[in-house]
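> generate a structure from the sequence data that follows.
(chains A and B)
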Amino acid sequence: MNVNKKLVVSCLMPIFLSACAGDGIPFWEDESPIVNVSAETGAESQAYLNDNTQLEEGVIVDKVSSVALGEQQTGRMSGFSTDSESLASRTMYFEYDSSQIRKEFIPVLESHGLYLMNHPNQTVILEGHSDERGSREYNIALAEQRAKSVYKMLQLIGVMNHQMKVISYGEEKPSNFGHTEASFERNRRAVVVYQ
Amino acid sequence: MMKQWPLYLGLLLFNVFSIGAQAELTIEITEGVQSAHKIALVPFALSNTEEIPVNVRDIIQADLMGSGQFSALDKASMLSTPTQESEVNYRHWAVTGQDYLVIGEIKKEQALYKIQMELFDVVKKQQLSVVNVSVEARSLRMAAHHLSDAIYQKIIGMEGVFSTRIAYVTSNIKANKQLQYDLYVADYDGGNAVSIAQSREPIMSPAWSPNGQHLAYVSFENKVSEIFVQTLASGQRKSVAKYRGINGSPAWAPNGKQLAITLSKSGNSDIYVLTLANLSLRQLTHSWAIDTEAAWSPDGKSILFTSNRGRRPQLYVIPSDGKGEVERLTFSGDYNARGSFSSDGEKIVMVQGGKGSYRIALLDRRTENTTILTQGAADESPSFSPNGQAVIYARRKAGKEILSLVSTDGVRKQDIKNTLGSVREPAWAAKVQ
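Residues are numbered from 1 along each chain as shown, chains lettered A, B, ... in the order given. I've put the predicted structure just below:
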């Protein structure tokens, strides 16, 4: 597992560095670099797709999730017709004080990204959440970064900005009301909510 | 020598809170009753009425006991029950080891309750003060708190906080299994609690205006974060910030004319100064990192905030006019957040995290020493009492979020028991003279 995490970090870094490229222009208002970034990072995207195929997307996603998250099921879209298991998973979980997307959730985001590209009128809200530890307003900011990581990845895949809206709830809307590490893991999440 | 303190209460200030229900929160001392002043509070005499809706004497006793600085003589141990000066026999109180004696009379005249309270020094055998208060029934509780302040001031030599107010947020799962969030305003002890805003979406970060007349807070009621300013007397409110992204962490400037807030409209969380008169914005911080949780220094010249620009959250300070360098204030521990200044500006209270625990810590700006005040696992949202002697904060006890008080020397600890479900984010209002 540790090796995998390091891989994710090293894969994602170039994307974020180029996406954030220090010019101070918010990524959703700065159209031109996005095109470049998409082009530049085609190789990384392809790498994810290769990973997916090796992992047998969907099945493995659930398996990884259940290893990381215990017996509980990952979130499901209800009343939504889909032929993809990944598309039915709409919750991405994060490490403590981190907004880096974990490797096992990349196929999930790929599926959502492809679906949204094919359905340009479909919009989603990207919710950011944190666990309860630490101060509440800091958690609002941290959870927003999680939702924005999802935003950036979907944007790189090709989803249009107007299809996505970010909202951070911090620790205010836990999905699990326990106070154990297992609960905290469930609550450090970003959720793709179809409108 | 005797000092008369006529107080005429029951006016405008108290009308706001007159619809308060029963006290849902009560103070329970958990640690640190020692070297307390011994005080006997004789049941007050009633005239022209059989009953009084609020037991003034009991509230005064609870206030003084709750401070941890007094221990009260129980009624059964009293050798006499004087209600006026001429009936006081100092020996009756000296023999039971009392330092101070309080007696009182409450006279009902039409709608008014006229209270006279007398305080005596048992050791010196002298009257210290006489306080007169006239109030309507609905303000009896507040009158009792003012009387507690008078006793505290006389004996401790410092302003009491018994007549101050707090705001806090609750969340409860309702019968329909939906969460409801409430913003409450209450007496410092949780009495007179009134919900001033309700929503099915989160309410956060209440902040008192310096004059105690307004509260700024964050509400998600419109499915986005939004900052409102609500006037307590009228209940009127105004949306003051609804930008794309985060609208959070409002903090009043000492002049009451500006709010420091957190916005993420430019891509990530930064501190802005919002002028309330015209809602104009000035961006104060410009980092790539998270900057949030602003708090003004008492002189209004600098703003304290939390930032993870050094990778982990730490406290920083910046001149409020933006002209000057950002200075890092905390270096011990890998998580220091949500700082605020004491009213003299010399101390900063904050949340300090480490090894999976989050505790309330106090930074002395002169000595640069940091003292840990609490030992909880999930202590948060500290707020100084107006006299700087205590900090109110939220903690988890037996899986439930409650409010607690800790003295700034860390010795005295009190829980505020509640029946309101999850209670958090206490904000202590300044004392309004």
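
> and the residue lying closest to B:Ala186 once chain neighbours are set aside, how far from B:Val95?
On the basis of CB to CB, 6 or more residues apart in numbering or on different chains, the spatially nearest residue to B:Ala186 that is not a chain neighbour turns out to be B:Ala193, at 3.9 Å. Every residue, glycine included, has its C-beta placed from N, CA and C. Plainly put, B:Ala193 is 41 Å away from B:Val95 if you go by CB to CB, to the nearest Å.

> please apply the same query to A:Ile140.
For A:Ile140, the distance to B:Val95 (CB to CB) stands at 60 Å.

> look up phi and psi at residue 137.
This is for chain A. When read as degrees, to the nearest 10, the backbone of A:Glu137 gives phi -70, psi -30.

> can you look at chain B instead?
Main-chain torsions, B:Ala137, degrees, to the nearest 10: phi -50, psi -40.

> how near is A:Ser130 to B:Lys107?
A:Ser130 is 57 Å from B:Lys107, where distance means CB to CB.

> contact residues of the stretch 51-200 of chain B facing chain A?
Proximity of the stretch 51-200 of chain B to chain A (CB under 8 Å from any CB of the partner chain) is limited to residues B:Leu179.

> now do the strands in the stretch 51-200 of chain B.
Counting by DSSP state E, counting those that start in this stretch, the stretch 51-200 of chain B has these strands, from start to end: B:70-72, B:100-109, B:112-121, B:126-136, B:165-173, B:179-187, B:194-199.

> roughly how far does the residue lying closest to B:Tyr168 once chain neighbours are set aside sit from B:Ala294?
Closest residue to B:Tyr168 apart from its sequence neighbours, by CB to CB, 6+ apart: B:Pro426 at 4.6 Å. When distance is defined by CB to CB, B:Pro426 is 18 Å away from B:Ala294.

> more neighbours: which of these two?
B:Ala294 (29 against 26; other CB atoms under 10 Å in any protein chain shown).

> ok, the more buried one touching B:Ile261?
Yes: under the criterion of CB atoms under 8 Å, B:Ala294 makes contact with B:Ile261 at 7.2 Å.

> next up, the contacts around B:Val229.
Neighbouring residues of B:Val229 by CB atoms under 8 Å, 6 or more residues apart in numbering or on different chains: B:209, B:214-216, B:237-238, B:240, B:259, B:276.

> can I get the buried ones among these as something I can paste into ChimeraX?
Buried residues within the contacts of B:Val229, by 16 or more other CB atoms under 10 Å in any protein chain shown, are selected in ChimeraX with:
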select /B:209,214,215,216,237,240,259,276
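
> in strands only, show me the contacts of B:Val229.
The strands in this structure, assigned by DSSP state E, contain B:214-216, B:237-238, B:240, B:259 from these.

> relative to the whole chain's centre, how far out is stretch B:113-120?
For stretch B:113-120, the separation from the chain centroid amounts to 26 Å (computed by CA atoms, centre = their mean, to the nearest Å).

> ok, and for that stretch, which residues are buried?
B:113, B:115-120.

> dump those residues into a markdown table; add distance to B:Ser320 and pLDDT as well.
Shown next, in a markdown table, are the buried residues of stretch B:113-120 (distance: CB to CB, whole Å; pLDDT from 0 to 100):
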| residue | distance to B:Ser320 | pLDDT |
| --- | --- | --- |
| B:Tyr113 | 46 | 95 |
| B:Ile115 | 44 | 96 |
| B:Gln116 | 47 | 96 |
| B:Met117 | 43 | 97 |
| B:Glu118 | 47 | 97 |
| B:Leu119 | 43 | 97 |
| B:Phe120 | 48 | 97 |
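
> reformat the residues you listed as a markdown table; add distance to A:Tyr115.
Shown next, in a markdown table, are the buried residues of stretch B:113-120 (distance: CB to CB, whole Å):
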| residue | distance to A:Tyr115 |
| --- | --- |
| B:Tyr113 | 70 |
| B:Ile115 | 71 |
| B:Gln116 | 77 |
| B:Met117 | 73 |
| B:Glu118 | 78 |
| B:Leu119 | 75 |
| B:Phe120 | 80 |
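
> and which of the residues you listed is nearest B:Tyr152?
Minimum distance to B:Tyr152 across these is 10.5 Å, recorded for B:Leu119 (CB to CB).

> establish whether stretch A:149-163 and chain B are in contact.
No: no part of stretch A:149-163 sits near chain B under the criterion CB under 8 Å from any CB; the closest distance found is 11.0 Å.

> could you tell me the end-to-end distance of that stretch?
Taking CA to CA, to the nearest Å, the first and last residues of stretch A:149-163 lie 15 Å apart.

> check which residues of that stretch are buried.
Under 16+ other CB under 10 Å, the buried positions of stretch A:149-163 are A:149-157, A:159, A:163.

> can you check stretch B:242-255 too?
B:243, B:245-254.

> any idea how far it is from the chain center?
How far stretch B:242-255 lies from its chain's middle: 21 Å, per CA atoms, centre = their mean.
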